[in-house]
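Asks: below is the sequence, then the predicted model.
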Amino acid sequence: MCYRIGKLGLLNMVKILINVKPNSSKDEFWMDSENNITVKIRAKPIDGEGNEYLIKYLAAEFKISRSLIQIEKGITSRIKRIVLNMEPAKWEAIRKGYKA
């Protein structure tokens, strides 16, 4: 079962793993030198609030529509597999901007 916001096409998909740290004092996104992604969010992990907030935060951070983001796996886990409906080249450009 996927946690969906909108429907994703199958042509331009990028899958990423994210370690989410909910209930943080501030929102942060960073990627280490080994391409491990960590996201701190202020939302609490209660009743899907954290997942909704994560999608909203990632959409703003990546400058894409929320409908292009889906949590494929890890709805109740802190490690989530996210599917982004975007060109892989666009993801590479975003990723390079965060690389440590």
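Replies: In hand now; what should we look at? Numbering: from 1, shown residues only.

Asks: any idea how far the longest helix seen in the chain is from the chain center?
Replies: For the chain, the helix with the greatest residue count under DSSP state H is helix 49-62. The chain centre lies 7 Å from the centre of helix 49-62; the measure is Cα atoms, centre = their mean, to the nearest Å.

Asks: next helix or strand past that helix?
Replies: strand 69-73 (DSSP states H and E).

Asks: now for the next helix or strand after that next one, which elements pack on it?
Replies: Using DSSP H and E, the helix or strand that follows strand 69-73 in sequence is strand 79-85. The helices and strands touching strand 79-85, judged by 3 or more Cβ pairs under 8 Å, 6 or more residues apart in numbering; DSSP states H and E, are strand 13-21, helix 49-62, strand 69-73. To be clear about C-beta, it is placed using only N, CA and C from the backbone, and glycine gets the same treatment.

Asks: and the ones you listed, which is most packed in?
Replies: Each of the helices and strands packed on strand 79-85 was scored by mean neighbour count; the highest is strand 69-73, a mean of 20, by mean count of other Cβ atoms under 10 Å.

Asks: could you give the angle of that one to strand 13-21?
Replies: Relative orientation of strand 69-73 versus strand 13-21 (axes from the mean of the first three to the mean of the last three Cα atoms, to 10 degrees): 70 degrees.

Asks: how distant is strand 69-73 from the center of its chain?
Replies: 8 Å.

Asks: put the alpha carbons of that strand into CSV.
Replies: Taking Å, rounded to 0.1, in the frame of the first residue of the first chain, the C-alpha atoms of strand 69-73 are listed here in CSV:
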residue,chain,number,x,y,z
ILE,A,69,5.8,12.8,-4.5
GLN,A,70,4.8,9.5,-3.1
ILE,A,71,5.9,7.5,-0.1
GLU,A,72,6.2,4.0,-1.6
LYS,A,73,7.5,2.2,1.6
